[in-house]
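*Asks:* Let's see this in three dimensions:
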Amino acid sequence: MSEQRETGSATPAARLRWFVRGVSLAIAIALLWPARHTGVSVAVPGLSPFVALASVLAMRGLHDVALLGLVVVCIVLIHRRWFCRWVCPMGLCVEGMSRLGRRWGRRPLKSMRVGQWILWLTLGGALLGWPLLLWLDPLVVFAGLFGPATARGIPGAWFAALPALAVLVLSFVWPYVWCARICPLGALQETLSRLSRRGRRLVQGGRRAPRPSESGLVVARRAVLGAGFGVASATALRVAARPLERPMRPPGAVMESEFRGLCVRCGNCVSACPTGIIKPDLGRHGVTSLLTPTLRFEGGYCRDDCALCSRVCPSGALTRFPWKGTKRHMQFGLAKVDMSVCLLGDERECTECRRWCPHEAIRYVFSEAEYTQVPVIDAAKCTGCGACEMACPVKPRKAIVVVPRADKSTG
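*Replies:* Numbering: from 1, shown residues only. Okay, the predicted model is just below:
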């Protein structure tokens, strides 16, 4: 690192940079801390060009949040690692831990730079809709720090903070190793800067192209090998990740075969949900689903007047939709009745599921088999909001539960 950094002296330009970085950190914390009931938290992970490029490749299209990251791409093409040096909130935290490690006598680790491999592996997997290591983006990692604080005590929410804590510990043990050798966003900025310089030389040199440097050949070879391995890995994961039991996803979720790779596990949707029904998957549906959002209706249901989860998703795993006039017609689940535990099957009175259904999708008919009134679900009206499951008084096993619809995008 620079001599100024080691001695503690600083030029006016360096002091200005530290001031801007401090302000950027404060703004990022302010955006993420009140994530519940707002949509502004998406701006933090949404600024990442790594998340933007991978999501555009995976979705085969441009979504509105990705525009934030693409703006940063344009700046990085002009100023090398501008985002790392001036804006990245995780970078400032890593800088502090690295300095602390140096004071305790820790030395930087001299090893292979793996950030480029992470970059190309993820972008290669994105070609098949599965950006393998997108969750290693530093802004996503930073957002995960606020999961336990804003998830209202949801069991397992603290898991979202583990990547950030691991990065900070790693930076203390081996100062600056994250930013210099591991961070995929830093590797992307280096690659974009190198391409930009090469392009400018081509323009300035006229028709004659410069000779490819040895480092350029290494980067090109690494890109081909990394992307190829990413494609192969994404293919294997898409096959292996087919669950025996599909989880209930929030409204707007893309197909399950793409959702597990595209979701960055930032926790924004968990924090933003006003009814608290979005919970992180703690491995119930396999390793590939770990920490992805699922719906559970114990204490609430998915309201028609809310679309916050789709507004705070930075990667497009939850496609944005307007709730006015549209959410009532979105079908992301279907209620199913189990008469073996229903109170009506035990000749007891109960109309809670029908009373709570906001879509009038439940009616009672007489069943010759059960010889009693039974709830019947109108599949054309049921959206899967979970109001009936929440209201069902039977415990611990509910008589009416919501299950996922066919595997298709609910957006």
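*Asks:* Can you give me the first-to-last residue distance of stretch 57-71?
*Replies:* One end of stretch 57-71 to the other measures 17 Å (CA to CA, to the nearest Å).
*Asks:* can you check stretch 130-144 too?
*Replies:* End to end - CA to CA - stretch 130-144 spans 20 Å.
*Asks:* what's the helix or strand where Val167 lies packed up against?
*Replies:* Applying DSSP states H and E as the criterion places Val167 in helix 162-173. Helices and strands touching helix 162-173, as assessed by 3 or more CB pairs under 8 Å, 6 or more residues apart in numbering; DSSP states H and E, comprise helix 89-103, helix 138-144. To be clear about C-beta, it is placed using only N, CA and C from the backbone, and glycine gets the same treatment.
*Asks:* Format those helices as CSV; extra columns: mean neighbour count.
*Replies:* Below are the helices and strands packed on helix 162-173 laid out as CSV (neighbours: other CB atoms under 10 Å):
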stretch, mean neighbour count
helix 89-103, 20
helix 138-144, 28
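*Asks:* I'd like to know which of those is closest to Phe159.
*Replies:* When these are ranked by distance to Phe159, counting by CB to CB, first place goes to helix 138-144 at 8.7 Å.
*Asks:* SS state for Leu334?
*Replies:* State at Leu334, reduced to three classes by DSSP: H, G, I helix; E, B strand; the rest coil: strand.
*Asks:* all numbers from here: first residue = 422
*Replies:* In the new count, where the first residue is 422, that last one comes out as Leu755.
*Asks:* What's the separation between it and Thr432?
*Replies:* Leu755 is 64 Å from Thr432, where distance means CB to CB, to the nearest Å.
*Asks:* more crowded one of those two?
*Replies:* Neighbours per residue, other CB atoms under 10 Å: of Leu755 and Thr432, the larger number sits with Leu755, 17 against 9.
*Asks:* these two touch, right, the more buried one and Asp799?
*Replies:* No. Counting by CB atoms under 8 Å, Asp799 is not a contact partner of Leu755; they are 10.1 Å apart.
*Asks:* Can you show me the helices along the stretch 472-621 of the chain?
*Replies:* 487-497, 503-507, 510-524, 536-547, 559-565, 568-571, 583-594, 598, 605-625 (DSSP state H, counting those that start in this stretch).
*Asks:* what's the closest of the ones you listed to Arg826?
*Replies:* Of all the helices of the stretch 472-621 of the chain, it is helix 536-547 that lies closest to Arg826, at 26.0 Å by CB to CB.
*Asks:* Would you mind getting the angle between the closest one and helix 605-625?
*Replies:* 90 degrees (axes from the mean of the first three to the mean of the last three CA atoms, to 10 degrees).
*Asks:* so how far is helix 536-547 off the chain centroid?
*Replies:* Relative to its chain's centre, helix 536-547 lies at 17 Å (CA atoms, centre = their mean, to the nearest Å).
*Asks:* CA-only coordinates of it in CSV, if you can.
*Replies:* Extracted in CSV, the C-alpha atoms of helix 536-547 (Å, rounded to 0.1, in the frame of the first residue of the first chain):
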residue,chain,number,x,y,z
GLY,A,536,-11.3,-12.1,-8.2
GLN,A,537,-11.0,-12.5,-12.0
TRP,A,538,-11.9,-16.2,-11.7
ILE,A,539,-15.0,-15.3,-9.6
LEU,A,540,-15.9,-12.7,-12.1
TRP,A,541,-15.8,-14.9,-15.2
LEU,A,542,-17.2,-17.9,-13.5
THR,A,543,-20.3,-15.8,-12.4
LEU,A,544,-20.8,-14.2,-15.8
GLY,A,545,-20.4,-17.5,-17.6
GLY,A,546,-23.1,-19.1,-15.3
ALA,A,547,-25.3,-16.0,-16.0
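*Asks:* packing partners for it?
*Replies:* Identification of packing neighbours for helix 536-547 by 3+ CB pairs under 8 Å, 6+ apart yields helix 470-480, helix 605-625, helix 635-661.
*Asks:* Can I get the helices and strands packed on helix 583-594 in TSV including mean pLDDT and distance to Leu712?
*Replies:* Formatted as TSV, the helices and strands packed on helix 583-594 follow (pLDDT from 0 to 100; distance: least, CB to CB, whole Å):
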stretch	mean pLDDT	distance to Leu712
helix 510-524	93	18
helix 559-565	91	9
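*Asks:* Just put these in a markdown table and tack on distance to Phe504.
*Replies:* Below are the helices and strands packed on helix 583-594 laid out as a markdown table (distance: least, CB to CB, whole Å):
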| stretch | distance to Phe504 |
| --- | --- |
| helix 510-524 | 8 |
| helix 559-565 | 9 |
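*Asks:* I'd guess Met760 is in a strand, am I close?
*Replies:* No. Met760 is assigned coil when assessed by three-state DSSP, not a strand.
*Asks:* Need the nearest residue in space to Val486, chain neighbours excluded.
*Replies:* Spatial nearest neighbour of Val486, chain neighbours left out: Gly467 (4.5 Å); criterion: CB to CB, 6 or more residues apart in numbering.
*Asks:* so where do the helices sit in the stretch 672-821 of the chain?
*Replies:* Under DSSP H, counting those that start in this stretch, the stretch 672-821 of the chain gives helices at 677-683, 689-693, 729-732, 773-777, 808-812.
*Asks:* one step back: what backbone torsions are found at the residue nearest to Val486?
*Replies:* For Gly467, the backbone dihedrals (degrees, to the nearest 10) come out as phi -70, psi -20.
*Asks:* which ones are touching it?
*Replies:* Counting by CB atoms under 8 Å, 6 or more residues apart in numbering, Gly467 touches 473, 486-487, 489-490, 735.
*Asks:* what does Ser614 give?
*Replies:* 497-498, 501-502.
*Asks:* Buried ones among these?
*Replies:* Those of the contacts of Ser614 that meet the buried threshold are 497-498, 502, by 16 or more other CB atoms under 10 Å.
*Asks:* how close does Leu452 sit to Ala808?
*Replies:* Leu452 is 32 Å from Ala808, by CB to CB.
*Asks:* of the two, who's got more company?
*Replies:* Taking neighbours as other CB under 10 Å, Leu452 and Ala808 compare with Ala808 leading, 26 against 18.
*Asks:* Next up, the contacts around the more buried one.
*Replies:* Ala808 touches 718, 722, 777-779, counting by CB under 8 Å, 6+ apart.
*Asks:* out of everything not next to it in sequence, what's closest to it?
*Replies:* Tyr722 (4.1 Å).
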